[in-house]
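>>> Sequence below, structure please.
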Amino acid sequence: MSLRAELVRLALRRFMKHGGSFGRTVPETRRRMAAAERLVPSPPRGFALRAIDAGGVAAERVTPPAVRCGRRILFLHGGGFATGSPRLYRNLTWRLAAAAAADLLCLDYRLAPEHPFPAALDDALAGYRFLLAGGAEPRRIAVIGDSAGGGLVFSLLLRLRDEGVPLPAAAVAMSPWTDLALTGDSLRRNAAADPMIDADQVPPLADYYLAGADPRTPYASPLYGDLAGLPPALIQVGSDEILRDDAVRIAERLGAAGCRVALEIWPRMPHVWHSFAPFVPESRRAIARIGEFLRGVA
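Predicted coordinates:
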């Protein structure tokens with residue numbers, strides 16, 4: 001593990017997990033994230049960035065200087081289904097688009113608690129249909145997400161399959177949250193080791209999104225779904241994350257269902273370490289690995 005990664009771990013533990021940088025309420029967290037958005041740089045010269053209406057869902061389109069063979073990425077951001085935005089993720093989305101040589105669409109899907117389940121999933125479906133309506137070929141589309149968005153990736157795949165919509169070529173999930181019933185042992189086992197997320201903050205986020213829905217319904221918690229027939233998937237998670245078991249168990253379920261899946265457990269990496277690419281070499285390597293995976297399947 002690099003020295004820079006260790007320094008990021010220390011900073012996250014000091015200023016985010018124990019320092020309250022995320023805020024203790026959804027409105028407070030959103031205010032702090034809105035302030036952080038202003039510090040996120042725009043993509044480098046040569047990238048095109050524009051706001052669009054993606055089938056009734058606000059979205060941001062990121063186009064790198066070179067797009068190969070009509071590749072498309074539908075990106076679903078994290079934030080516990082209650083926070084997050086395309087602008088906050090720009091420093092990651094342009095890197096993913098470049099690594100995959102793909103045109104990327106980052107959805108600004110509706111957030112809980114104002115818009116509980118299945119609002120985010122409905123918006124993800126609308127965004128995917130928007131790509132198809134625009135001429136994107138399913139065999140050239142990848143769906144990528146992190147954290148809550150990583151779980152939403154698999155929920156979307158289940159719904160697409162169940163509704164008979166052509167499936168994308170591939171899926172990528174970074175530190176996915178796949179079990180809103182919160183049964184993973186790592187939630188307790190890694191509670192102290194996780195440098196970024198306070199395990200006590202996770203149950204309220206699940207409650208906000210579910211709003212009384214069964215936490216084991218597959219469209220909310222894909223871990224409990226029949227995963228047969230889903231496309232190849234790459235799942236990356238840090239070894240110390242409280243969501244480690246969410247990633248491990250859905251990878252096991254995918255494999256048992258006959259799906260092609262690659263699970264990568266990165267030693268000591270924090271939650272969605274990909275976001276720290278400007279500072280951390282492991283972040284850049286993980287993004288490069290995603291690009292390599294997508295170039296092999298889409």
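
>>> May I see the buried residues of stretch 48-68?
Within stretch 48-68, the residues scored as buried using 16 or more other C-beta atoms under 10 Å are 54-55, 57-64, 67. Every residue, glycine included, has its C-beta placed from N, CA and C.

>>> For it, measure first residue to last.
15 Å (C-alpha to C-alpha, to the nearest Å).

>>> Figure out how far whichever strand or helix holds Leu132 is from the centre of its chain.
In the assignment (DSSP states H and E), Leu132 maps to helix 119-133. With C-alpha atoms, centre = their mean, to the nearest Å as the basis, helix 119-133 stands 15 Å off its chain's centre.

>>> elements contacting the helix or strand just after that helix?
Toward the C-terminus, helix 119-133 is succeeded by strand 141-146 as the next helix or strand (DSSP H and E). Counting contacts by 3 or more C-beta pairs under 8 Å, 6 or more residues apart in numbering; DSSP states H and E, strand 141-146 is packed against strand 72-76, helix 90-100, helix 119-133, helix 148-162, strand 170-174, helix 281-297.

>>> helices or strands next to the longest one in the packing?
Taking 3+ C-beta pairs under 8 Å, 6+ apart as the contact definition, the neighbouring helices and strands of helix 281-297 are helix 3-12, helix 90-100, strand 141-146, strand 170-174, strand 233-238, strand 261-266.

>>> rewinding a little: any idea which of the helices and strands packed on strand 141-146 gets closest to Leu107?
Closest approach to Leu107 among those (C-beta to C-beta): helix 119-133, 4.6 Å.

>>> what angle sits between the helix or strand of the chain with the lowest mean pLDDT and helix 90-100?
None of the helices or strands of the chain scores lower by mean pLDDT, DSSP states H and E than helix 26-37, at a mean of 92. Relative orientation of helix 26-37 versus helix 90-100 (axes from the mean of the first three to the mean of the last three C-alpha atoms, to 10 degrees): 60 degrees.

>>> what's the helix or strand following helix 26-37 packed up against?
Using DSSP H and E, the helix or strand that follows helix 26-37 in sequence is strand 48-54. Applying 3+ C-beta pairs under 8 Å, 6+ apart, one finds that strand 48-54 contacts strand 57-63, strand 103-107, helix 119-133.
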